[in-house]
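S.K.: Provide a 3D model corresponding to the input given below.
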Amino acid sequence: MKKRSQMEIMGIAIVVIMLSIIILFVVRWSILKKPADYKKEFAQSEIAANFVSTLRSTTTDCKGMNFDELFQDCFENIESDGKTDCNGDGTGHSCTYAQTELNIILSKTLDSWGYKYQFVVTNNVDDKIKIEKCKDAQGNTIKERKTRTEYFPGGLEAKLAICG
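M.R.: Sure thing, here's the model as predicted:
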């Protein structure tokens, strides 16, 4: 009878040891599994939202217009580069001026922070203003993006996509 009890206890001990090993492996892989990078995704989404929202009210040197007014002026005359001549010499109409100013602002912010991005202003027919920097080191387009769209009067949309 004693030998039988000892064998049962030994069997239970083996089962407990095997279960402990299995639980150890499950816990190890669940803890060491690379966590999702929610912080990065959230930051990209917020940067895109805040940038486009702030840009709307940013005043430019083009006759004191903000970007909201500048984009509208750019798209008022589809055939040309906008109605307003920002430089006063016929070379800096509102579309060209907006594109130049956006390049400067984006290079001082998103470029210097190391973000890849695409910025487009469109009226759903024509993308008059487009800045594309969503390429990786090999020149391939980065498909993963966090996009923010702001809607302007006159059916205009400004979209900023943070890539990567």
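S.K.: what ranges do the strands span in this structure?
M.R.: 116-122, 129-133, 145-152, 156-163 (DSSP state E).
S.K.: how about those strands in CSV, adding distance to residue 52 and mean neighbour count?
M.R.: The way it works is simple: take the backbone N, C-alpha and C, and place the C-beta from them, glycine included. Below are those laid out as CSV (distance: least, C-beta to C-beta, whole Å; neighbours: other C-beta atoms under 10 Å):
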stretch, distance to residue 52, mean neighbour count
strand 116-122, 8, 21
strand 129-133, 13, 16
strand 145-152, 4, 17
strand 156-163, 5, 21
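S.K.: Serialize the ones you listed to TSV and add fields for mean pLDDT and distance to residue 96.
M.R.: Shown next, in TSV, are the strands of the chain (pLDDT from 0 to 100; distance: least, C-beta to C-beta, whole Å):
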stretch	mean pLDDT	distance to residue 96
strand 116-122	90	13
strand 129-133	88	9
strand 145-152	84	18
strand 156-163	88	17
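S.K.: for the protein, which helix is longest?
M.R.: Assignment by DSSP state H gives helix 2-32 as the longest helix of the chain.
S.K.: So what's the gap between it and the chain middle?
M.R.: 49 Å (C-alpha atoms, centre = their mean, to the nearest Å).
S.K.: swap in stretch 116-123?
M.R.: On C-alpha atoms, centre = their mean, the centre of stretch 116-123 falls 11 Å from that of its chain.
S.K.: what residues does it touch?
M.R.: For stretch 116-123, the surrounding residues in contact (C-beta atoms under 8 Å, 6 or more residues apart in numbering) are 48, 71, 74-75, 98, 102, 106, 110, 127-136, 142, 145, 154-164.
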